[in-house]
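1. coordinates for the following, if possible.
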Amino acid sequence: MSEEKKIEKINHYAQKGNFKKLSHFCASEDSELRCACAVALGSVGSEEARNMLISMINDPDLATKKAVITSLGKIGDKGSTEYIRHAMDHSSDAGFVELCRETIHQLANS
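-> Just a heads-up that it's a prediction; the model follows:
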């Protein structure tokens with residue numbers, strides 16, 4: 001199956017709230033699929049989506065980590081702040097740290 005088809009499936013599973021199927025993509029060896037999964041979860045907005053994103057917050061791929069932070073901000077649950085702060089404190093990437101700061105600020109004002 002092509003990567004494009006897999007991303008379509010990720011979006012379909014997210015829209016349907018099929019977290020069991022999404023979890024396979026979130027744990028994929030393919031960083032682009034993990035990143036797509038993080039983006040899709042941000043559009044779901046449920047507690048289960050938030051929990052899956054938090055489990056992905058230390059992903060080794062920077063693009064995926066950024067997608068996780070952005071999606072947590074999109075969901076808007078202030079309870080995510082401590083996880084975002086922890087990820088920020090353990091990163092040396094200036095862009096990632098700035099994204100975390102912006103997201104924490106966004107959550108504080110939501």
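2. next, count neighbours for His86.
-> 13 (other CB atoms under 10 Å). Bear in mind the C-beta positions are built from the backbone N, C-alpha and C, glycine included.
3. who's in contact with it?
-> Ile57 (CB atoms under 8 Å, 6 or more residues apart in numbering).
4. any idea how far the helix or strand containing it is from the chain center?
-> Using DSSP states H and E, the element containing His86 is helix 81-89. Chain-centre distance of helix 81-89: 13 Å, with CA atoms, centre = their mean, to the nearest Å.
5. for Ser31, see how far away the residue located most distally from the centre of the chain is.
-> Most distant residue from the mean C-alpha position of the chain: Met1, 23.4 Å away (CA atoms, centre = their mean). Going from Met1 to Ser31 by CB to CB, to the nearest Å gives 17 Å.
6. helices along the chain, start to end?
-> 3-16, 19-26, 31-44, 47-55, 62-75, 81-89, 94-108 (DSSP state H).
7. could you dump these into CSV and include mean pLDDT?
-> Output for the helices of the chain, formatted as CSV (pLDDT from 0 to 100):
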stretch, mean pLDDT
helix 3-16, 94
helix 19-26, 93
helix 31-44, 96
helix 47-55, 96
helix 62-75, 98
helix 81-89, 97
helix 94-108, 97
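8. and the residue nearest the centre of the chain, what does it touch?
-> By CA atoms, centre = their mean, the mean C-alpha position of the chain lies nearest to Val68, the distance being 2.2 Å. Shown in contact with Val68 (CB under 8 Å, 6+ apart): 38, 53, 56-57, 59.
9. nearest residue to Lys66 other than its sequence neighbours?
-> Leu99 (5.8 Å; CB to CB, 6 or more residues apart in numbering).
10. okay, now the closest residue in space to Ile84 that isn't next to it in sequence: neighbour count?
-> Nearest non-adjacent residue to Ile84, counting by CB to CB, 6+ apart: Cys100, 5.2 Å away. Residues contacting Cys100 under the criterion other CB under 10 Å number 26.
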